[in-house]
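Peer 1: only geometry, no sequence info:
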Ligand code: 13P
């Protein structure tokens, strides 16, 4: 029988208690997923995949993504978690849960506070009945394409008092914050707001999440883990690694086309990157 995927809540609660974090690695096919899962297995850490709308489409639907993650789970001894990332409405989350996801994010952060609460609480009610963990988001995380002044960028960040109210009113298990990271590549020097994180962390006891892990300074990431960040989402870096490795190998004079020749270096580089990030995040327990 297929090994079941796990819910995320208990793993991140342990991480918050013991001050470490898991990488949330973007998942877009079995082979890349497996190269990272082998690292999780080596370090004896849970394998946490995140998957957004675009990757679900790439898989050809939620069921195929779940099947691929379950196949990984059958091939490693560590728990495997597949987390729906930035799903924006109740219907797509319901579809994901019905397809076998045990962990979801509802991102209603573009709505005013009250509507974010309402939309998130509705997902929490449905998901909890099915034993599924829920991540909510408060504050807006900038996209790499956005050019913002320092004041504009800070105005989008999570407010500590609102964060406490949001958690109480929605019942979410996990909270994603905006504290200065961006999705995609940084087009300006990153300024990670650790004092703001400290304030949020003193008011909110549930596990906290940092999005936009690619290119975020590692000393800031390590500091953030000490203040309650338990998951660092990573996507852009992974795609860049694969793109670069497959392009580089084709430049070699002796290169001959085969699937292994084209992708072996990419798998190897992904595994190295994953190990580096996992060790950085879980330094406290490894
Ligand atoms: P990066 O693409 O910047 O790593 O961000 C990933 C992310 O936060 C997905 O939710």
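Peer 2: Right, received. Where do you want to start? It should be emphasised that the depicted structure is a prediction, and the values quoted were computed from it without experimental measurement.
Peer 1: could you say what helices and strands the lengthiest helix in the chain packs with?
Peer 2: Secondary structure of the chain per DSSP state H: the longest helix is helix 259-281. For helix 259-281, the packing partners by 3 or more CB pairs under 8 Å, 6 or more residues apart in numbering; DSSP states H and E come out as strand 22-26, helix 30-43, helix 218-226, strand 229-234, helix 236-251. Backbone N, C-alpha and C define where each C-beta goes, glycine included.
Peer 1: So is the shortest one next to the ligand?
Peer 2: No: looking at strand 22-26 against the ligand by CB under 6 Å from any ligand atom, there are no contacts, and the closest approach is 6.7 Å.
Peer 1: got the buried residues for the longest helix of the chain?
Peer 2: Buried residues in helix 259-281, counting neighbours by 16 or more other CB atoms under 10 Å, are found at 263, 265-267, 269-271, 273-275, 277-278, 280-281.
Peer 1: and what of stretch 94-114?
Peer 2: Residues 94-97, 99-109 are the ones in stretch 94-114 that count as buried (16+ other CB under 10 Å).
Peer 1: can you pull up the bridge partners for residue 229?
Peer 2: Beta-bridge pairing for residue 229 (DSSP bridges): residue 208.
Peer 1: whoops, I mixed them up, residue 48
Peer 2: Residues in beta-bridge contact with residue 48 (DSSP bridges): residue 81.
Peer 1: That one - how many residues pack around it?
Peer 2: 27 (other CB atoms under 10 Å).
Peer 1: For residue 133, see how far away it is.
Peer 2: 11 Å (CB to CB, to the nearest Å).
Peer 1: okay, and the common contacts of those two?
Peer 2: Both residue 48 and residue 133 are in contact with 8, 83, where contact means CB atoms under 8 Å, 6 or more residues apart in numbering.
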